[in-house]
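Trainee: based on what follows, work out the 3D shape:
(one chain, ligands or ions: 1)
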Amino acid sequence: EQTLAGKVAMVTGGSRGIGAGIARRLAAAGATVAITYVSSGEQAELMVKSIQMAGGGALAVRIDSADRAALRAGVGQIVQRLGRLDILVNNAGVGGVGPIGEIADDDYDHALAVNLTAVFAASQEALRHLGPGGRIITIGSINADRIHFPGGTVYALTKAGVAGFTRALAREVSSRGITVNTVQPGPVATDMNPAEGAFAEITRPHIAVARYGTADEIGSLVAYLAGPDAAYITGATINADGGFAA
Ligand code: NDP
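Mentor: Numbering: from 1, shown residues only. Below you'll find the model as predicted:
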């Protein structure tokens, strides 16, 4: 069903992983999708082509989310190129894990820039363009609420931050007909969190459904939240975690 026909969406970090799954599902629901990337230009172009082959509209733009001025300008450029903006999905993120004593200030600053400050800056800029029915959806993490391994302090800090930001922003923009929500995935098989390997072995026993999730399973939830049926959901933190936090 083309619930997003005529809508324009921006997905940060849409070249790979969860963001690619989100872009595919938004496009399948009829939205024209602008994806951003920082280093995977070829993969981003392949994503655009695959969406176009499926009959959807898409474009890719290199915008480093760590550069908040570039991100703000990038939102404006996407609006100029596609004529409007209805849906912002803050997805781009970095892991930034390590024992507390070994986290360098530069790595800390980078994780905060991409995972937290970019969410603020892109949302602020998007709100200049979003109208009634507008949507801001941020990909947090179940690790904001539950963490089962040492070395996740900075990651958890950023992901708890976006959930708080979401609730406060939802209050602020609800009168404009705009909803703001956080989706908290559990373990999803991507380059950041491969379903095989040492970390996966530590993780899997904590997942109630005993498997990693897929980018599509996050994408379908985001597409629902982006659509008109989700107008009564705002300020929410929605887990799609296979029961990781159950
Ligand atoms: P991946 O590492 O597989 O993909 C990351 C994506 O973000 C890529 O498209 C990458 O672009 C982009 N990106 C990274 N840094 C920047 C930057 N500075 N500027 C622009 N784009 C950037 O990660 P996932 O798909 O696994 O994660 C996506 C989101 O989901 C993140 O916010 C993550 O924290 C969250 N998440 C992931 C979970 C998991 O288990 N996988 C669980 C819970 C939350 P490029 O290809 O150019 O590098």
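Trainee: strands along this structure, start to end?
Mentor: Counting by DSSP state E, the chain has strands at residues 8-11, 32-37, 57-62, 87-90, 135-139, 179-185, 237-240.
Trainee: quick one: the ones you listed as JSON lines, columns for mean pLDDT, mean neighbour count and distance to the ligand too.
Mentor: Just so you know, the C-beta spots here come from the backbone N, C-alpha and C atoms, and that holds for glycine as well. As requested, those are exported to JSON lines (pLDDT from 0 to 100; neighbours: other CB atoms under 10 Å; distance: least, CB to the nearest ligand atom, whole Å):
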{"stretch": "strand 8-11", "mean pLDDT": "99", "mean neighbour count": "28", "distance to the ligand": "9"}
{"stretch": "strand 32-37", "mean pLDDT": "98", "mean neighbour count": "27", "distance to the ligand": "3"}
{"stretch": "strand 57-62", "mean pLDDT": "98", "mean neighbour count": "19", "distance to the ligand": "8"}
{"stretch": "strand 87-90", "mean pLDDT": "99", "mean neighbour count": "28", "distance to the ligand": "8"}
{"stretch": "strand 135-139", "mean pLDDT": "99", "mean neighbour count": "27", "distance to the ligand": "4"}
{"stretch": "strand 179-185", "mean pLDDT": "99", "mean neighbour count": "25", "distance to the ligand": "4"}
{"stretch": "strand 237-240", "mean pLDDT": "98", "mean neighbour count": "19", "distance to the ligand": "9"}
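Trainee: a markdown table for the ones you listed, including distance to A126?
Mentor: Conversion of those to a markdown table gives the following (distance: least, CB to CB, whole Å):
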| stretch | distance to A126 |
| --- | --- |
| strand 8-11 | 7 |
| strand 32-37 | 11 |
| strand 57-62 | 14 |
| strand 87-90 | 4 |
| strand 135-139 | 6 |
| strand 179-185 | 10 |
| strand 237-240 | 20 |
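Trainee: nearest to R171, of these?
Mentor: Of all the strands of the chain, strand 179-185 sits nearest to R171, with 8.8 Å by CB to CB.
Trainee: ok, so what distance separates the residue nearest to G56 when sequence neighbours are not counted from the ligand?
Mentor: Nearest residue to G56 in three dimensions, chain neighbours excluded: A27, at 3.5 Å (CB to CB, 6 or more residues apart in numbering). Plainly put, A27 is 16 Å away from the ligand if you go by CB to the nearest ligand atom, to the nearest Å.
Trainee: how close does the residue lying closest to A170 once chain neighbours are set aside get to V173?
Mentor: The shortest distance from A170 to any non-neighbouring residue, by CB to CB, 6+ apart, is to G235 (3.3 Å). For G235, the distance to V173 equals 10 Å [CB to CB, to the nearest Å].
Trainee: would the worst-scoring helix or strand of the chain on mean pLDDT count as contacting the ligand?
Mentor: Every helix and strand of the chain was ranked by mean pLDDT, DSSP states H and E. The lowest is helix 198-203, at a mean of 93. No - against the ligand, helix 198-203 shows no contacts by CB under 6 Å from any ligand atom, the least distance being 8.5 Å.
Trainee: flag every buried residue along that helix.
Mentor: T203 (16 or more other CB atoms under 10 Å).
Trainee: contacting residues around it?
Mentor: The contact list for helix 198-203 (CB atoms under 8 Å, 6 or more residues apart in numbering) reads H148, F149, P187, N193, P194, Y212.
Trainee: quote the end-to-end distance of stretch 220-233.
Mentor: One end of stretch 220-233 sits 16 Å from the other (CA to CA, to the nearest Å).
Trainee: rounded mean pLDDT for that stretch, please.
Mentor: Mean pLDDT, stretch 220-233: 98.
Trainee: tell me how far the residue lying farthest from the centre of the chain lies from L116.
Mentor: If you look at how far each residue of the chain sits from its centre, by CA atoms, centre = their mean, the farthest one is G101, at 28.8 Å. Per CB to CB, G101 is found 22 Å from L116.
Trainee: next one: the residue sitting nearest the centre point of the chain from S141, what distance?
Mentor: Centrality entry for the chain: nearest residue to the mean C-alpha point is N91, 2.0 Å, by CA atoms, centre = their mean. From N91 across to S141, the span is 11 Å (CB to CB).
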